[in-house]
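> turn this into a model:
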Amino acid sequence: MTVSHLRQPDARDLDDPADLAARIKQWGRELGFQQVGITDTDLASHERYLERWLAAGYQGEMDYMTKHGTKRTRPAELVPGTLRVISVRMDYLPPEVETTRVLGRPQKAYVSRYALGRDYHKLIRKRLAELAKRIEAEVGDYGYRAFVDSAPVMERALAQKAGLGWFGKNAMLLNPQAGSLFFLGELYTDLPLPVDTPFEREHCGSCSACQTACPTGAIVDDKVIDARRCISYLTIELHGSIPERFREAIGNRVYGCDDCQLVCPFTRFTRASDEPDFAPRHDLDRADLVTLFAWSEEEFLDKTQGSAIRRIGYERWLRNLAVGLGNAPWSRAVEGALHARLAYPSELVREHVRWALERQRAKRQARIASDA
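Numbers count the residues shown, from 1 in each chain. Okay, the predicted model is just below:
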């Protein structure tokens, strides 16, 4: 999602660029961003990394990663006249939300913590628009365009250059005071602002907790993710059938995965967000798999309105839940819920339901045998 005010930029002089940069950061904090940094547009080293990653095919079905040529890594090609990028960070973990405890309760559905509340795109886009207007009130007409996980933008690379954090071994941006449970946004601008010092020092050291914790072995090298193995990709980006070799490892994760972030030692520094829009809706932080699987399509559309979950659609929602139910302990309720979906019109759903039922029947037989 973008907010823009595009002009053919003219060369401009600012009376006091350093003072303006300081005020931009203060305005950002007043608008709810925990951190604001400024960088130039040179992403040459990140461009080479992206080229190698794409050449290895790690993007899977995410074809959008191969589009737009070099616009992704050269901001001035995407928005002509761009001189600087203002990068912002907003923490999202709501207070008192269960994390690893839900993963240990296989009858529950685990939804990635970022998706529990309102879709973050809208909130951050609005705040960036307000920041842009404050700058305009100070300097007059200028060129800008705002991005929130939209368009071909290297948001983590820009944030690292702007001093917001370093790349962890799980390829997430890590901040020593906040871990990685935060959103990023960008304001491309033609203002010649002073830039911040990139975050060069990596604090991971010999720690490999994220690599060890990944259920599907998706972290194939330092800072290298094979998306085709990643649970977030499998439950959100993948449109077809989830490969059977990954289904058991998915466990009860029905939308995304946070494992590599939750085990990171820096996550303990994460501060709870006071943004009400990030608070869980419809008990999604603790709902039963059976309960969510029983939602009609109308209920799904109603209860995911304004939520990031809406993007996968009802069919893939049921697909993911069927996998979770197949991994759950046997119960009459679970087996009954799966039976009720055996005749669902979508073959994608039916295939995953059949797989889940086979697992549930095997667990029932094993239980009978153990009780005999």
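
> rest of the way, CA atoms for contacts and neighbours
Noted.

> how far away is the residue at minimal distance from the centre of the chain from Phe269?
Centroid check for the chain by C-alpha atoms, centre = their mean gives Tyr114 as the closest residue, at 6.7 Å. To Phe269, Tyr114 is 17 Å away according to C-alpha to C-alpha, to the nearest Å.

> how long is stretch 338-348 end to end?
14 Å.

> let the chain start at 433 from now.
Yep, numbering from 433; the last one is stretch 770-780 now.

> and the contacts of it?
Gly672, Ser673, Glu747, Arg751, Ala754, Leu757, Arg782, Val785, Arg786, Ala788, Leu789 (C-alpha atoms under 8 Å, 6 or more residues apart in numbering).

> try stretch 663-674
So stretch 663-674 is contacted by 493-494, 648, 659-660, 682, 685-689, 744, 748, 752, 780, 784 (C-alpha under 8 Å, 6+ apart).

> in ChimeraX, how would I select the buried members of these?
Buried subset of the contacts of stretch 663-674, written as a ChimeraX selection, criterion 16 or more other C-alpha atoms under 10 Å:
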select :648,659,660,682,685,686,687,688,689,748,752,780,784
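
> go through the contacts of stretch 663-674 and flag which are in strands.
Mapping the contacts of stretch 663-674 onto strands (DSSP state E) picks out Arg685, Val686, Tyr687.

> does the first one really touch Val543, like I thought?
Yep, that's Arg685 we're talking about. Yes: between Arg685 and Val543 there is a contact at 6.3 Å, judged by C-alpha atoms under 8 Å.

> residues near Glu483, how many?
Residues contacting Glu483 under the criterion other C-alpha atoms under 10 Å number 11.

> need the contact list for Phe599.
Residues near Phe599 by C-alpha under 8 Å, 6+ apart: Gln592, Leu605, Leu606, Glu634, Lys655.

> could you pick out the buried ones from these?
Here, 16+ other C-alpha under 10 Å leaves Gln592, Leu605, Leu606 buried among those.

> which ones among those residues lie within helices?
Gln592 (DSSP state H).

> chain neighbours aside, what residue packs nearest to Leu475?
Among residues not flanking Leu475 along the chain, Thr505 sits closest, at 5.8 Å (C-alpha to C-alpha, 6 or more residues apart in numbering).

> residues in contact with Gln693?
Applying C-alpha under 8 Å, 6+ apart, the residues near Gln693 are Gly611, Ser612, Leu613, Cys642, Thr699.

> farthest pair in the residues you listed?
Leu613 and Cys642 (14.1 Å; C-alpha to C-alpha).

> circling back: let's have the ones in strands among the contacts of stretch 663-674 in a markdown table, adding pLDDT and distance to Arg793.
Output for the ones in strands among the contacts of stretch 663-674, formatted as a markdown table (pLDDT from 0 to 100; distance: C-alpha to C-alpha, whole Å):
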| residue | pLDDT | distance to Arg793 |
| --- | --- | --- |
| Arg685 | 98 | 21 |
| Val686 | 98 | 21 |
| Tyr687 | 98 | 25 |
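
> quick one: Arg799 and Glu790, what's the gap?
For Arg799, the distance to Glu790 equals 14 Å [C-alpha to C-alpha].

> whoops, Gly464 was the one
Gly464 is 49 Å from Glu790, by C-alpha to C-alpha.
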